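S.K.: Got a predicted structure plus its sequence, pasted below:
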Amino acid sequence: MSPVTSTISGYPRIGPDRELKRAVEDHWAGRVDAARLQEIAAGLRERTWRELSAAGLTTVPSNTFSLYDHVLDTIVMVGAIPERFAGLAEPYFTMARGDEGVAPLEMTKWFDTNYHYLVPELPPETRFRLDWSKPLAEYAQAKALGIETRPVLLGPLSFLLLAKPVDLGLLDGLVEVYAELLERLAAAGVAEVQLDEPVLAADRSERELAALRRAYDRLGDLPSRPHLLVSTYFGEIGPALAILAGTRVEAIGLDFVAGPGNLEALAAIGGLPDKTLVAGVVDGRNVWRADQTKALSLCAALSGLADRLVVGTSCSLLHVPLDLDAETGLDPGVRARLAFAKQKVAEVVAIGAALNGSPAPAGPPPAHPIVNARVRARLDALRDPATRLPHAQRLAIQRRSLGLPPLATTTIGSFPQTADVRHARAALRAGTVTPAEYDDRMRAEIARVIALQEEIGLDVLVHGEPERNDMVQYFAELLDGYAVTEHGWVQSYGSRCVRPPILHGDVSRPEPMTVTWATYAQSLTRKPVKGMLTGPVTMLAWSFVRDDQPLPDTARQVALALRDEIHDLEAAGIQIIQVDEPALRELLPLRSADREPYLAWAVAAFRLATGGVADRTQIHTHMCYSEFGEIVGAIGDLDADVSTVEAARSRMELLDDLRTSGFGRGIGPGVWDIHSPRVPSTEELTTALRRAASSVDATLLWVNPDCGLKTRDYPETEASLRNMVTAAQRVRAEIA
Ligand SMILES: Nc1nc2c(c(=O)[nH]1)N[C@@H](CNc1ccc(C(=O)N[C@@H](CCC(=O)N[C@@H](CCC(=O)N[C@@H](CCC(=O)O)C(=O)O)C(=O)O)C(=O)O)cc1)CN2
Ligand code: MET
Ligand SMILES: [Zn+2]
């Protein structure tokens, strides 16, 4: 058999010090021109290719870089820029962010990750046209450096199925654009192209599978084209495997981490005797070092199931931080078990070398996770922890004690994270301000935010979350069993990044985490101030989690810590407590058969956290994503009194889902999209509220933005909130 080779399917784009974030944001602010931005981007790409090729990978990918998002790049590549952006100075960034006159494209989660992509808009009359400048330029740039690369493209079926509306009738036209692209890339010297088809990890209809066959039969039959690698990731490929095996594509990429069943599936079709298998054995989604023994025996089994074997990552390394070497503050016992992107590349190379006869690399040291016997005993004892009255009765009690108007106005929690606030935190880290001085600055910020909300006339206030670097990291820093990184940034959307904490042991709460901030804020106003917490599912979804115990067990530990926090907030006089679960939808399994058990433990964890409060305490939750319909039942099962949800970018589609499900609880459909600096007018907010009030009872309807305001600036935030309060007053008067 031919020697085993190695590759990866993608790499972080943001740079070791988030250079891309800074360059792009400086460009938006007018401080960096387009040419300089391209130069910085080219420098980052060069660095990546040199690093990957020096690490010893057999093939290095290109076109995995993006200034904002690779789906947006694909929209440009196939000429699917919607009419309203034509003729603008910078259609690319305007599609992503919108501007005063133009609404941006909808943004949503990339499968079950915390990465967000822009949703292609494909009206039926769409005519695709090739713009191959980006993949070609990146290939040529690498080639000029002496590095031969494999351009990575989002495959045509995934592009269509991620679009709105989904119209398979557009497939043939789209495939012709890909055909033209492949022919041109071949002429430019490209030997192999990777086409990503992650949609194959989710359930697909017969029609969609037929479309897959048609697309790859056509591309496979092209007389002059590069070799084709069709990659799937984030799960098991299912019936699409036999279809792809029957086409002329030369290679198939499978994820053996999220999709262990892919091994059996391969065996069941008799392997890929005439194809290359790119085996995703190193986890691209988590930060634990690979178990080399396991990986080697898996690869040994796989090598009998294909003509050639390539060792790879389970998916793009976009989802893990760049380099563990940058971390100096981690506990050595935890650190010794970690691998970030750079280290994972080395693992891929080492596994490949071992399969070719080099000595096998050492595996990670054994784990000794923190075990907290008290937490385990308490969880065992808490069997049915919910003690509340049915929600309709609770709402009546809360209505009397809170005395809120119909269409009550509120916000989702965070107010703009000003440069001042971030500087203060940076100064605390650097030791140039003391913890007491830092606390004073945060209190001053909270006082300012409370006064502003009073003045604008909001009904339910928030403290603004200035003390939180991030809604997950903040809690991870205060909980035992979690570690945080200094430089472990991962792109979430566009220029926005997060440092997912690492949950490595049993979780417990040494002391209250939010009570002093919440009670300080409440002391400044007679209006109710919401306590603000991050829910158990989101605390897991946006962290790297231990893989030595089932996720539901870990969720219960986090939930217990939150339950204690909620108890303390209630005891301190906080009447409304919001437990954010923006990631509830994100973790929904891609295959429908796995959804019910997931939703059961996710809902149980939320209820464990929130089910211990008195009936007069109002529990809110918040979620931000579209495609709310799929989980509307589970949202009811959470048994929160009020749910505020994202709705603006998807034009309030969720109201229809709610009407048909008989929701019956408080609901705040977000009336404006906070991902864009655009200020919504009073008129458009009024229209949105009228529409909402026509499907939801006014006493159940809340008025709020789509999500927290931390990424916005003050001028647009104030203007938008004022318009929102005016719109709420108008519609209140109309229905009175
Ligand atoms: N974890 C997570 N996932 C999420 C969300 C979320 O809020 N959190 N929201 C949804 C949308 N995703 C988002 C992801 C990131 C951000 C975001 O604002 N990120 C910030 C960083 C937030 C942060 O960690 N801030 C730190 C560090 C800030 C920083 O960059 N400091 C400078 C120094 C700054 C100074 O001196 O002024 C530095 O370290 O170099 C802090 O405030 O302490 C950013 O990219 O700019 C927003 C939304 C879905 N997923
Ligand atoms: C991504 S959901 C954000 C919820 C959080 N309370 C905030 O307002 O920032
Ligand atoms: Zn949100």
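M.R.: Arrived safely, thanks for sending. As the structure is a computational prediction, the values presented were derived from the model and not from experiment. Ligands and ions are numbered 1, 2, ... in the order given.
S.K.: who in this structure is up against ligand 3?
M.R.: Neighbours of ligand 3 within the chain, by C-beta under 5 Å from the ion: Pro582, Cys624, Cys707. For glycine as for every other residue, the C-beta is placed from the backbone atoms N, C-alpha and C.
S.K.: what's the neighbour count on the residue nearest to Met513 when sequence neighbours are not counted?
M.R.: Leaving aside its chain neighbours, Met513 sits nearest to Leu478 (4.5 Å; criterion: C-beta to C-beta, 6 or more residues apart in numbering). For Leu478, the number of neighbouring residues by other C-beta atoms under 10 Å comes to 16.
S.K.: quick one: Leu478 from ligand 1, how far?
M.R.: To ligand 1, Leu478 is 14 Å away according to C-beta to the nearest ligand atom, to the nearest Å.
S.K.: Closest one of the residues of the chain next to ligand 3 to Leu170?
M.R.: In terms of C-beta to C-beta, no member of the residues of the chain next to ligand 3 lies closer to Leu170 than Cys624, at 28.9 Å.
S.K.: show me the contacts for that closest one.
M.R.: Residues near Cys624 by C-beta atoms under 8 Å, 6 or more residues apart in numbering: Pro582, Val645, Glu646, Gly670, Asp706, Cys707.
S.K.: If we use 7 Å, what do you get?
M.R.: By C-beta atoms under 7 Å, 6 or more residues apart in numbering, Cys624 lies in contact with Pro582, Val645, Glu646, Asp706, Cys707.
S.K.: quick one, phi psi at it?
M.R.: phi -130, psi 110 (degrees, to the nearest 10).
S.K.: go on, Glu716?
M.R.: Torsion angles, degrees, to the nearest 10, at Glu716: phi -70, psi -30.
S.K.: and it, how many neighbours does it have?
M.R.: By the criterion of other C-beta under 10 Å, Glu716 has 17 neighbours.
S.K.: and the contacts of Cys624 near ligand 1, which?
M.R.: Pro582 (C-beta under 6 Å from any ligand atom).
S.K.: By pLDDT, give me the weakest of the contacts of Cys624.
M.R.: Minimum pLDDT for the contacts of Cys624 is recorded at Glu646 (89).
S.K.: That one touches Pro669, doesn't it?
M.R.: No: taking C-beta atoms under 7 Å as the definition, Glu646 is not a contact partner of Pro669, at 8.3 Å.
S.K.: For the stretch 501-650 of the chain, what lies in contact range of ligand 1?
M.R.: Checking the stretch 501-650 of the chain against ligand 1 by C-beta under 6 Å from any ligand atom, the hits are Trp542, Pro582.
S.K.: hmm, try it at 8 Å
M.R.: Trp542, Pro582, Ala583, Cys624 (C-beta under 8 Å from any ligand atom).
S.K.: Quote the end-to-end distance of stretch 129-148.
M.R.: For stretch 129-148, the first and last residues are 27 Å from each other (C-alpha to C-alpha, to the nearest Å).
S.K.: what does it contact?
M.R.: Against stretch 129-148 from outside (C-beta under 7 Å, 6+ apart): 42, 45-46, 49, 53, 60, 62-63, 65, 73, 76-79, 149, 151, 153, 177, 180-181, 184-185, 188, 190.
S.K.: Please identify the buried residues of that stretch?
M.R.: Asp131, Trp132, Lys134, Pro135, Leu136, Glu138, Tyr139, Gln141, Ala142, Lys143, Ile147, Glu148 (16 or more other C-beta atoms under 10 Å).
S.K.: and the gap between the fourth one and Ala251?
M.R.: Taking C-beta to C-beta, to the nearest Å as the measure, Pro135 and Ala251 are separated by 18 Å.
S.K.: again with the fifth one
M.R.: Counting by C-beta to C-beta, the separation of Leu136 from Ala251 is 22 Å.
S.K.: Same question for Ser694.
M.R.: In this structure, Ser694 and Ala251 are 54 Å apart, going by C-beta to C-beta.
S.K.: quick one, which of these two is more surrounded?
M.R.: Ranked by neighbour count (other C-beta under 10 Å), Ser694 and Ala251 place Ala251 first, with 23 against 10.
S.K.: And the pLDDT for the residue nearest to Leu154 when sequence neighbours are not counted?
M.R.: What sits nearest to Leu154 in space, not counting adjacent residues and going by C-beta to C-beta, 6+ apart, is Thr74, at 4.6 Å. With respect to pLDDT, Thr74 scores 98.
S.K.: again with Ser650
M.R.: The model's pLDDT for Ser650 equals 62.
S.K.: Kindly report the same for Thr621.
M.R.: On the pLDDT scale, Thr621 is placed at 97.
S.K.: Verify the assumption that it is located in a strand.
M.R.: Yes: looking at Thr621 with DSSP: H, G, I helix; E, B strand; the rest coil, it is inside a strand.
S.K.: Look up the pLDDT of the residue nearest to it when sequence neighbours are not counted for me, please.
M.R.: Sequence neighbours aside, Ala640 is the residue nearest to Thr621 in space, at 4.1 Å (criterion: C-beta to C-beta, 6+ apart). Ala640 is assigned a predicted lDDT (pLDDT) of 97.
S.K.: Could you say which helix or strand holds Ala640?
M.R.: Assigned by DSSP states H and E, Ala640 belongs to no helix or strand.
S.K.: Next one: it from ligand 1, what distance?
M.R.: To ligand 1, Ala640 is 19 Å away according to C-beta to the nearest ligand atom.
S.K.: Make residue 1 into 48 and carry on from there
M.R.: Okay, residue one is now 48; in that scheme the one you just asked about reads as Ala687.
S.K.: How about the contacts made by that residue?
M.R.: Thr657, Ile666, His667, Thr668, Arg712.
S.K.: can you list contacts of the longest strand seen in the chain?
M.R.: Assignment by DSSP state E gives strand 319-329 as the longest strand of the chain. If you take C-beta under 7 Å, 6+ apart as the criterion, strand 319-329 is touched by 54, 276, 278, 280, 292, 297-304, 337, 342, 345-346, 349, 352-362, 391, 394-395, 398.
S.K.: what separates the residue of the stretch 548-697 of the chain found nearest ligand 3 from Tyr761, distance-wise?
M.R.: The minimum distance from the stretch 548-697 of the chain to ligand 3, using C-beta to the ion, falls at Cys671 (3.2 Å). From Cys671 across to Tyr761, the span is 21 Å (C-beta to C-beta).
S.K.: quick one: Asp330 from ligand 1, how far?
M.R.: Following C-beta to the nearest ligand atom, the distance that separates Asp330 from ligand 1 is 19 Å.
S.K.: Leaving out the residues flanking it, which one is nearest to that residue?
M.R.: Distances taken as C-beta to C-beta, 6+ apart put Val304 closest to Asp330, at 4.5 Å, once the chain neighbours are dropped.
S.K.: what's the neighbour count on the one you found?
M.R.: When neighbours are counted by other C-beta under 10 Å, Val304 registers 23.
S.K.: residues in contact with it?
M.R.: Val304 makes contacts with Gly327, Asp330, Ser361, as judged by C-beta under 7 Å, 6+ apart.
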